[in-house]
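[1] Below is the sequence, then the predicted model.
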Amino acid sequence: MDSIGKYDYKVQLVAEEAINKGIKNISRLAKNRVPVRSGKLKKSGRSRFDKKNMSGRAQFNASYAHIVEFGAKGHKVKPKNKKAMTVKGQGETTLTSKEASVPALPARPFLFPSFQEEVPSIEKEIREAMKKP
């Protein structure tokens, strides 16, 4: 996109609109795809367009968004400063243990597939604007 400045104002304007619209569509598609348990992840979705650099960003600000998108390996957790730790279970159940196993979480991508779906239409709009006399 560095060379977009070589084109006339109309092409730059079309490219700007295409990128802005594309970023909004990526954010909308991702919000529709995001797995919902409490709704916090879905509500944290934002999109932003930077006119100066002609770039955009669709992001999810929940602290665990990357874990949902990419998944996580299973691992064991051990206490740092004590001999054992207490893990609260469902209801009144508590467990005291020297370590706890955290199961692996499978990836449930929502943002990258939305990006892949929308990019061809953004590119198509920009290419068509560049071809016009």
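    Good, I have the coordinates.
[2] Show me what whichever helix in the chain runs longest is packed against.
    Of all segments of type helix in the chain, defined using DSSP state H, the longest is helix 9-33. With contacts defined as 3 or more C-beta pairs under 8 Å, 6 or more residues apart in numbering; DSSP states H and E, the packing partners of helix 9-33 are strand 45-50, strand 55-60, helix 111-131. For every residue, glycine as well, the C-beta is placed using N, CA and C.
[3] Report the rounded mean pLDDT for the last one.
    Averaging pLDDT along helix 111-131 gives 91.
[4] Same check on the first one?
    The pLDDT scores in strand 45-50 average 94.
[5] can you list the residues that contact that strand?
    19-20, 23-24, 26-27, 30-31, 34, 55-61 (C-beta atoms under 8 Å, 6 or more residues apart in numbering).
[6] Just want the angle from it to helix 111-131.
    Between strand 45-50 and helix 111-131, the angle comes out at 30 degrees (axes from the mean of the first three to the mean of the last three C-alpha atoms, to 10 degrees).
[7] Let me know how buried the nearest residue to R57 once chain neighbours are set aside is, in neighbour terms.
    Leaving aside its sequence neighbours, R57 sits nearest to R48 (C-beta to C-beta, 6 or more residues apart in numbering; 4.9 Å). The burial count assigned to R48 is 13, neighbours taken as other C-beta atoms under 10 Å.
[8] Over to V68?
    Neighbour number of V68 under other C-beta under 10 Å is 21.
[9] Contacts only, for it.
    Counted by C-beta under 8 Å, 6+ apart, V68 has contacts 34-35, 41, 105, 107-108, 110.
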